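Asks: Using only what follows, build the 3D model:
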Amino acid sequence: MTHAQLKQVEAVRKADEEKELVSADRNNHEEGHEHEHALNWREISRVLVVAAAAAVIWFLGGTRNPYVTGVGVICTFVGGFPIFHEAYENMVQRRMTMELSMAIAVVAALAIREIFTALVITSFVLVAEILEGLTVGRGRTAIRHLVGLLPTNATVRRNESWQDVETKEIAVGEIVLVKPGTRIPVDGVVAGGHSFVDQATITGESMPAEKTKGTSVYAGTINQSGALEIQVDRMGRDTTFGKIIDAVERAEKSRAPIQGIADRLAGYLVYFALGAAALTFLITHNARSTISVVIVAGACGIAAGTPLAILGAIGRSAQLGSIIKGGLYLESLATIDTILLDKTGTLTYGNLEVVDARPVEGVPVACLLQAAVMAESRSEHPVAKAILKKASNLGISSEEPERFDYSPGKGVVAARRGMEIIVGNRLFLEGHRIALPTSSISQANGEIFVAQEGKFLGTLLVADTLRPEATKAIQDLKAIGLKTVLLTGDSKAVANDIGEKLGVDEIAAELLPEDKLAFVGRLTAARHNVVMVGDGVNDAPALTKATVGVAMGAGTDVARESANVVLIGNDLSKLVETLCIARRCRRTIMQNFVGTLIVDSIGVGLAAFGFLNPLLAAFIHVSSEMAFILNSARLLPPVSSAHGLVRGILSPPSSVAHD
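Replies: Numbers count the residues shown, from 1 in each chain. Next comes the predicted model:
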């Protein structure tokens with residue numbers, strides 16, 4: 001194919017993907033509308049019919065009138081149709097579920113002419129299903145409305161004028177105008193303007209971030225004050241906000257191993273209830289006690305509560321600025337015992353800066369920097385860039401050298417108008433017979449020596465600065481019982497200096513990418529559950545090998561794709577919060593497991609010995625089920641959060657459209 005043909009095929013493919021996305025969103029909307037419509041009258045009307053029939057029979061004193069009995073039976077089957085329908089499907093599929101056991105209990109109650117009991121049990125189950133649907137649906141509704149946070153139209157500069165177009169028509173590289181009070185439609189870089197942006201939906205930051213030329217912005221965030229011109233980098237599902245949507249959608253569809261355990265346990269509890277009921281009938285020959293045994297045992301709290309807890313935990317993490325790519329990784333995060341941290345770009349900013357200038361007595365700082373700038377002006381070395389940046393910030397400029405000689409790993413020699421300047425490490429200047437004082441600077445710091453015309457002028461200290469939150473994050477990781485290890489390709493002196501400042505438990509320096517991979521492999525082989533945190537291409541193999549790989553949001557594309565978790569705001573404290581959420585999720589699920597086993601065991605025992613009638617058994621079943629589901633619902637992002645993800649989710653459609 002020619003290049004033009006390839007571009008045409010790619011355009012067709014993207015158009016097809018866009019159609020599929022629009023179709024999926026439309027179907028989701030229709031399904032949501034249908035569900036809401038059903039909730040408004042079908043489900044509620046069933047409850048009302050069954051409750052009314054039960055009230056009539058109770059008012060008539062449980063009369064044995066055949067007409068009243070017939071009406072009661074009809075109302076039970078009509079109102080309880082969803083229960084019987086699902087029970088039938090489960091029976092055909094040879095799946096043992098709570099709906100099947102409850103259907104058996106209702107039919108058994110009807111068989112012994114306990115019409116009032118059957119109606120009350122049916123109404124309890126229907127009400128429980130409505131409440132369960134509302135609770136679980138809260139998370140699903142949030143997912144369905146996430147897309148609504150992204151504007152569908154944007155103002156783009158074309159042909160020297162501003163034009164309003166649909167966001168799907170925007171191309172990478174174009175300039176988008178975002179007015180105050182509106183949502184940013186794309187990921188990009190500020191090309192003009194000055195403003196403050198509310199980034200809470202992406203990074204979890206409570207305070208608006210200042211945006212000037214050259215700074216990055218995210219789709220879905222709110223421009224607060226001034227107008228911004230943004231050069232487009234990514235759009236739609238490729239944006240950071242789109243990745244959040246994908247992550248939460250995958251979380252809803254994926255199944256963590258603990259969810260499979262929950263489903264199996266639910267099935268076992270049903271078998272246990274039916275077996276206990278059969279044994280009760282054989283021993284007591286009491287039909288009411290037998291029915292009570294079947295009714296009281298419930299595992300719906302486990303079956304529905306487990307995926308709800310996983311969805312809520314991933315949604316809450318996304319609100320804080322941490323994208324977890326599935327329930328499997330959320331579950332793994334709860335069992336982590338070791339944290340491996342790359343240095344450059346993870347614990348530090350990854351950009352060298354001049355942190356101090358120390359001229360000799362009688363030499364001004366400006367003269368020291370001016371000499372260094374002239375020597376380094378042609379160099380592309382990171383140290384040279386740090387020196388040039390420092391001089392620029394201080395308003396110091398210099399002329400281009402006439403002669404420039406670079407010795408890799410040592411330094412540079414430059415000259416202009418016969419004046420020679422030497423900039424480099426100690427050995428480099430000593431090799432040029434420059435008399436240097438004894439250094440008091442730690443070898444961990446980048447000490448750059450500067451000399452002019454054979455005279456030593458002073459030193460510049462160049463270092464990679466620590467992220468401000470790194471030290472606190474390491475302390476918090478250790479506080480929750482995790483071992484922290486610093487992995488870096490830097491020298492041992494640099495690694496030890498950084499490691500001591502942070503207080504990590506172990507330091508491994510001078511590692512190549514394959515060495516990092518081998519280090520992770522040794523830990524996982526020893527049955528350690530390991531998190532690897534990195535940002536570069538060299539970290540990708542280790543990120544893949546670790547139990548859970550965590551990438552910094554500002555890292556390379558390779559690192560972000562290789563990782564299982566992405567920290568959008570590059571804030572390590574978000575990793576600590578994510579680990580705590582994962583542990584809380586696992587703890588919540590285990591609470592539901594243990595609580596269900598205790599309630600069912602006690603309930604079945606009481607029912608078997610005749611201490612529970614069917615009505616009380618149904619009440620205990622429904623109450624415990626809702627208690628465990630609500631326990632899981634506590635993990636959902638708080639609706640009242642002023643800056644949370646749900647604030648936008650729960651916004652009325654008109655306000656979203658206006659934004």
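
Asks: so is Ala551 in a helix, a strand, or just coil?
Replies: Per DSSP: H, G, I helix; E, B strand; the rest coil, the secondary structure class of Ala551 is strand.

Asks: What's the per-residue pLDDT of the closest residue to it other than its chain neighbours here?
Replies: Among residues not flanking Ala551 along the chain, Ala563 sits closest, at 3.5 Å (Cβ to Cβ, 6 or more residues apart in numbering). C-beta here means a position set from N, CA and C on the backbone, and glycine is covered the same way. On pLDDT, Ala563 comes in at 84.

Asks: Against Ala209, how distant is Ala563?
Replies: Taking Cβ to Cβ, to the nearest Å as the measure, Ala563 falls 24 Å from Ala209.

Asks: end-to-end on stretch 220-229?
Replies: 16 Å (Cα to Cα, to the nearest Å).

Asks: which residues are contacting that stretch?
Replies: Stretch 220-229 is contacted from outside by 149-150, 157, 175-184, 190-202, 208, 211, 217, 239, 241, 648, 659, using Cβ atoms under 8 Å, 6 or more residues apart in numbering.

Asks: one step back: between Ala563 and Ala209, which one's more packed in?
Replies: Neighbours around Ala563 and Ala209, counted as other Cβ atoms under 10 Å, are more numerous at Ala563. The numbers are 27 against 20.

Asks: Double-check that one against Val550; I have them as touching.
Replies: Yes: the pair Ala563 / Val550 is scored as a contact, 5.8 Å apart, by Cβ atoms under 8 Å.

Asks: Identify the contacts common to the two.
Replies: Shared contacts of Ala563 and Val550 (Cβ under 8 Å, 6+ apart): Gly534, Leu543.

Asks: Now do Arg64, the pLDDT please.
Replies: Looking at Arg64, its pLDDT is 65.

Asks: Same question for Leu228.
Replies: Leu228 is assigned a pLDDT of 92 by the prediction.

Asks: which one is it nearest to, not counting chain neighbours?
Replies: Leu228 sits nearest to Gly193 (Cβ to Cβ, 6+ apart), 4.2 Å away.

Asks: can you confirm Pro437 is in a helix?
Replies: No: assigned with three-state DSSP, Pro437 falls outside any helix and is coil.

Asks: immediately after whatever helix or strand Leu368 lives in, which helix or strand?
Replies: Here Leu368, judged by DSSP states H and E, is contained in helix 365-376. Toward the C-terminal end, the helix or strand that comes next after helix 365-376 (DSSP H and E) is helix 382-393.

Asks: Quick one: mean pLDDT over the one helix or strand Ala542 maps to.
Replies: Using DSSP H and E, Ala542 sits in helix 540-545. Across helix 540-545, pLDDT averages out at 86.

Asks: same check, this time on stretch 449-467
Replies: 88.

Asks: and it, which residues are buried?
Replies: Within stretch 449-467, the residues that qualify as buried are 449-452, 456-464, 467, counting by 16 or more other Cβ atoms under 10 Å.

Asks: Who are the contact partners of Gly362?
Replies: By Cβ under 8 Å, 6+ apart, no residues touch Gly362.

Asks: Look up phi and psi at the closest residue to Leu429 other than its chain neighbours.
Replies: Nearest residue to Leu429, sequence neighbours excluded (Cβ to Cβ, 6+ apart): Phe449, at 4.7 Å. Backbone torsions for Phe449, taken as degrees, to the nearest 10, come to phi -100, psi 140.

Asks: And for the one 3 residues further on?
Replies: According to degrees, to the nearest 10, the main-chain angles of Gln452 amount to phi -140, psi 130.

Asks: Could you list which residues are in contact with it?
Replies: Taking Cβ under 8 Å, 6+ apart as the test, what Gln452 contacts is Ala371, Met419, Glu420, Ile421, Ile422.

Asks: Tell me what the fourth one is bridged to.
Replies: The residues listed as beta-bridge partners of Ile421 by DSSP bridges are Ala414, Gln452.

Asks: how near is it to Gly454?
Replies: Counting by Cβ to Cβ - Ile421 and Gly454 are separated by 10 Å.

Asks: State the mean pLDDT of the helix or strand hosting Met626.
Replies: Using DSSP H and E, the element containing Met626 is helix 614-633. The average pLDDT for helix 614-633 rounds to 85.

Asks: now for that helix, which elements pack on it?
Replies: Judged by 3 or more Cβ pairs under 8 Å, 6 or more residues apart in numbering; DSSP states H and E, the packing partners of helix 614-633 are helix 115-146, helix 287-296, helix 300-320, helix 572-608.

Asks: and the angle for the longest one with helix 614-633?
Replies: Angular relation of helix 572-608 and helix 614-633 on a 0 to 180 degree scale: 170 degrees, by axes from the mean of the first three to the mean of the last three Cα atoms, to 10 degrees.

Asks: what angle do helix 572-608 and helix 300-320 make?
Replies: Going by the same axes, to 10 degrees, helix 572-608 makes 170 degrees with helix 300-320.

Asks: Buried residues in helix 572-608, which are they?
Replies: Quick answer for helix 572-608 (16+ other Cβ under 10 Å): 572-579, 581-586, 588-589, 592-593, 595-596, 599-600, 603-604, 606-608.

Asks: which intervals of the stretch 301-450 of the chain have sub-threshold pLDDT?
Replies: Across the stretch 301-450 of the chain, the ranges flagged by pLDDT under 70 are 439-445.

Asks: for the stretch 151-300 of the chain, what spans make up the helices?
Replies: 200-203, 240-253, 257-284, 287-296, 300-320 (DSSP state H, counting those that start in this stretch).

Asks: coming back round to it: quick one, what contacts the residue nearest to Leu429?
Replies: Neighbours of Phe449 in contact, by Cβ under 8 Å, 6+ apart: Gly411, Ile422, Val423, Gly424, Asn425, Arg426, Phe428, Leu429, Ile434, Leu436, Phe456, Thr459.
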